Each structure stands twice: as structure tokens, then as C-alpha cells.
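1. heads up, no residue letters with this:
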């Protein structure tokens, strides 16, 4: 994986998850109907900045208390009228009970909301297939040759070559494509008539569900991502005349606390640093004389599209690529602004696109000279939930190596990691539990790298009132970009 044994041990501890007992009947799993939460020692009123404690109790379908942990709960505090909300971190006591310490960051009323995303039994199923070599996600490779009027075309199945046996297909079945710098090997079933060097396009393929009948029952929609009942009393929060202290300017090296901020009237108020809202003119002024490299997936493409819409004078260049698949580029010649967006390399569940346009993030970073004018943003999460976590660690290690080299040759370069966001998908293929695990790995592996900015958008997407979606809504994207620009232009 390109890391030391010591680091691998540390990563395993960071993503460790309680293992439930083996069950044989559905009614032994955690029930969202019978599980509940309660506010501990609720007072008549509180002051801004104080905390409340919430206890979650897990029960099975027979109303029996669970005796082990591992359930995946999500929690938030909210006020619908104020469009205010804050994330709560769930602590697993590994005995069937969980606790959440909520900060009270706004004046007014607040209510607790808790949902069971997955029972501990379901999480273990997800983990089992994540750690196996079972190819839940398949991909297609398109081979072409000859003149346009009589062009020969073949589409075949492709996938990553990884795992204990080294391959998802046995024997001399496949064309192999090894990236020289990263060592990543991509395989495609050998076409019937065309040679291996005729691979032109890549796209997502079918998903393969590995679940048996009992596992499918545990994944029932009635048991997944369900709000649990509990103390619905409103919490009364009074102003705090003592104040909440000052927040420093945004810079690299700052760590995100829990909570990292909160929403008030749909504006994210960061506890990490002094973020602000940028008008279109201020956005253009901030990005003046900058080259911005947005790398990763469609969530960084959302940033590109937001800049394209908001920054005065910026225009998209026609690179003759698909607007969803990229790569894309927009420029403002007057103010010397260039914004690039490019998706990362395979495995990638995108629509049909040129395979040559899919670059590994580490390779792209190696091609950036850097400097005070350069801003590099990458996210690497959503498309990797289909692969073993060992492959993810391998790729992040390559990215880290490239980032360290970039900051060594050009220390003034701004490097931003955009965390994964909640996706609203709660199945065997793309559960938010997967996303959270990968996000934890990314944070751990970049924890000691100086000069890197980590934007926590996980909390921003998990506590907002909009339905969770792999592509967050416009109001969330606006807040993400404002936070990003607050680091680029902290003054």
C-alpha cells in the first residue's frame, strides 16, 4: 500500500468498528422503531455556548436492549424556522448505548433529531464486502479502430486489478493497463477482434449485488435511514453576554473541531476560522491572477459550475469534451483567472468519456509547478467506496507523496482537501458508512502534513435540512465555496 506497518496499524485503529454478535433472525437486529433517544437532565433554559447531552438506546425488534455497539446513528440539533442546525458526533459505548454532546450555538429554540442509518448487523455486511475482492461495481471499456465510416467497435467489461488473488478475472483473459507512476493496473476483457491498444473510452457498467436473501432483508428500506423516536421537547437557548471568543483568520494547519460550525439562516458559521460570504465581485477579486485546479469527481465539478455562474467575466472554453465528464476550463482574460476541472482516474463511475482524459490525482499534481498563484483542490472519496480500503490507502499515499513534493518545490501553493460529503445513498454499494470510513483515512493520512487545508464538508451536508444527495444542493455548495475562498483570501 506504500505505507509503513506502523501507519497501517494506526489507520486500522482509526477506522475500527465494533463487531456485533452473529444473528440468525431479522428480529435480532437493531430496530429503528424500538430504539430511542433522551435528553439527559434537561434544564428549563441554557445559554449560547453551553452543551446538552443526549443518550441513544438501541433495541432489537423484540424490544430487547442491544448488548453490543456498532450501529450507525447520525444526529443533529435544528431549528426549522431559523434554518439553523448543528452536527452532533455519536459516541459508541459498545454496549447498546450511545451518547451525543450537542453544542448550543444559537439563541432561540432547538430540537434534537436522530436517525438510524444502518444497524450494526448491516454495517458488518457492508464491511465484509468492502474488504473482499467481490466486484460490486463493474465498468465498460470501448475499443475502436478504423476510419469513421467503417469503424469497428467493441465494448467489454473492465475493472481494477487488486486483491489477494491479484485479479478479478483468471487466466490470460485480459488486456492490462499499468500506470507507470502510480503502479495501478486496470484490466479489460480482451476484445474478440481488436487489439489491446485500441481502448478509447471508459464508462460505468452494471452494479452487482452480492447480498443473500437474509442480508437483503436486513437492508430493507424500512430499516435503513429511519428517524428514531425520542424526547421532542424544545430546548430554550438564551443569549450569552460573556461572548463566544474570537476566531482566527483561515490558514493551513487548523484542525476542525466537533462541531466544525453551524448553520444560521442558511449561512455556515465556522468554528475553525473566520469565514465570510463573498459577493460575485469579491469572488472575482479573490481569484484575480490565480490558477485554480479542481480535481476529483462531480462534487468539485459543482464548484467549477458555481464559479462559472458567479464570477464576473469568466467564460468556459470549448475543449470539445462532455460537460459532465470534462475536463473543463474557464478563463477571465482581463483578471488572469484560470479554473480547471478534471475527474480522477479509474475506477470511476462516469458516463462514456475518453480514457486518456482520466488522470490519477497524484499524476496531475506532479505536473503542477505551483506558486503563490496556484490553488489546488482535490476530493477523492465517492467513487472509491466500491473498492477495498487497501486500494484507497494505496492511492491516498501516492497523492500525499505528490502533495509533499509540490509544497517542497513551491511552498506558497494553496492545497485544499475537500472532504467527502454525505450522499443519501444507503445501500450495499454506496453507504455513507463507506464514505465516513474513507474520510477518516484521508484525515489521518494528511494529519501531519504541513501546508494543507482540510475543508470539512461532511458536517455541512449531514446536518443541513436539504435531503442528503451525492450532489449537495446549491445553498450548501455556496457555503462550501465561501469557506474555500476564506482560506484563499483570508483578509
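-> Ah, there it is. Keep in mind the model is a prediction, meaning the values are calculated, not measured.
2. could you find the closest non-adjacent residue to the residue positioned nearest the centre of the chain?
-> For the chain, residue 420 is the residue whose C-alpha lies nearest the centre (C-alpha atoms, centre = their mean; 1.5 Å). Leaving aside its sequence neighbours, residue 420 sits nearest to residue 381 (C-beta to C-beta, 6 or more residues apart in numbering; 3.4 Å). Backbone N, C-alpha and C define where each C-beta goes, glycine included.
3. ok, residue 63 next?
-> That would be residue 34: by C-beta to C-beta, 6+ apart, it lies 5.0 Å from residue 63.
4. ditto for residue 37
-> Per C-beta to C-beta, 6+ apart, closest to residue 37 is residue 230, 3.5 Å.
5. isn't that neighbour right up against residue 36?
-> Yes: the criterion here is C-beta atoms under 8 Å, and residue 230 meets it with residue 36 at 5.1 Å.
6. which residues in the stretch 1-150 of the chain form helices?
-> Ranges of helices in the stretch 1-150 of the chain, per DSSP state H, counting those that start in this stretch, are 5-14, 120-131.
7. I figured the residue nearest to the centre of the chain hits residue 438, correct?
-> Yes: contact criterion C-beta under 8 Å: residue 420 and residue 438 qualify, at 6.1 Å.
8. need the residues touching each of the two.
-> residue 381 (C-beta atoms under 8 Å, 6 or more residues apart in numbering).
9. quick one on the thing from earlier: same list, the helices of the stretch 1-150 of the chain, but as JSON lines with mean neighbour count, distance to residue 106 and mean pLDDT please.
-> Below are the helices of the stretch 1-150 of the chain laid out as JSON lines (neighbours: other C-beta atoms under 10 Å; distance: least, C-beta to C-beta, whole Å; pLDDT from 0 to 100):
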{"stretch": "helix 5-14", "mean neighbour count": "12", "distance to residue 106": "32", "mean pLDDT": "96"}
{"stretch": "helix 120-131", "mean neighbour count": "20", "distance to residue 106": "33", "mean pLDDT": "92"}
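10. tell me which element residue 341 falls in.
-> Here residue 341 sits within strand 337-343, counting by DSSP states H and E.
11. list the buried ones in the helix ranked longest in the chain?
-> Longest helix in the chain, counting residues (DSSP state H): helix 389-409. Of the residues in helix 389-409, those buried by neighbour count under the rule 16 or more other C-beta atoms under 10 Å are 389, 391-400, 402-404, 406-407.
12. what of stretch 87-95?
-> Those would be 87-88, 90, 92, for stretch 87-95 by 16+ other C-beta under 10 Å.
13. do stretch 37-54 as well
-> 37, 39, 46, 48, 52, 54.
14. now, those residues that are in strands?
-> Among the buried residues of stretch 37-54, the ones falling in strands (DSSP state E) are 37, 39, 46, 52, 54.
15. most widely separated two among the residues you listed?
-> 37 and 46 (17.8 Å; C-beta to C-beta).
16. where does the prediction get shaky in this structure?
-> 164-165, 243-246 (pLDDT under 70).
17. so who does residue 56 touch?
-> So residue 56 contacts 35-37, 73, 75, 90, 97-100, 114, 228, 230 (C-beta under 8 Å, 6+ apart).
18. same thing but 6 Å
-> Shown in contact with residue 56 (C-beta atoms under 6 Å, 6 or more residues apart in numbering): 37, 73, 98.
19. closest one of those to residue 484?
-> residue 73 (29.5 Å).
20. let me know how buried that closest one is, in neighbour terms.
-> 21 (other C-beta atoms under 10 Å).
21. got the buried residues for stretch 305-314?
-> Those buried within stretch 305-314 under the rule 16+ other C-beta under 10 Å are 305-307, 310-311, 314.
22. cool, stretch 213-223 as well?
-> Buried, per 16+ other C-beta under 10 Å, within stretch 213-223: 215, 218-219, 223.
23. redo the residues you listed as CSV? Include distance to residue 146 and secondary structure.
-> Listed next are the buried residues of stretch 213-223 as CSV, based on distance: C-beta to C-beta, whole Å; DSSP: H, G, I helix; E, B strand; the rest coil:
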residue, distance to residue 146, secondary structure
215, 46, helix
218, 50, helix
219, 46, coil
223, 53, helix
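24. list just the nearest of those residues to residue 292.
-> Among the buried residues of stretch 213-223, and counting by C-beta to C-beta, the member closest to residue 292 is residue 219, at 40.2 Å.
25. nearest spatial neighbour of the closest one, chain-adjacent residues omitted?
-> Using C-beta to C-beta, 6+ apart, the nearest residue to residue 219 is residue 122, at 6.1 Å.
26. close enough to count as contact, the one you found and residue 218?
-> Yes: between residue 122 and residue 218 a contact is recorded at 5.2 Å, counting by C-beta atoms under 6 Å.
27. please name the residues that touch residue 440.
-> Counting by C-beta under 6 Å, 6+ apart, residue 440 has contacts 14-15.
28. so it is in which element?
-> Using DSSP H and E, residue 440 falls within helix 432-445.
29. in its sheet, what does the following helix or strand past that helix sit against?
-> Of the helices and strands lying after helix 432-445 in sequence (DSSP H and E), the nearest is strand 452-455. Partners of strand 452-455 in the sheet, by DSSP bridges, are strand 414-418 (parallel).
30. quick one: residue 409 from residue 343, how far?
-> Distance, residue 409 to residue 343, by C-beta to C-beta, to the nearest Å: 25 Å.
31. my error: substitute residue 76 in the last question.
-> Taking C-beta to C-beta, one finds residue 76 at 31 Å from residue 343.
32. same question, residue 158
-> Taken as C-beta to C-beta, the span from residue 158 to residue 343 is 16 Å.
33. secondary structure element for residue 477?
-> With DSSP H and E as the criterion, the answer for residue 477 is helix 474-488.
34. what comes up buried for that helix?
-> For helix 474-488, by 16+ other C-beta under 10 Å, it's 475-488.
35. which of those lies closest to residue 29?
-> Out of the buried residues of helix 474-488, the member with the shortest distance to residue 29 (by C-beta to C-beta) is residue 476, at 32.3 Å.
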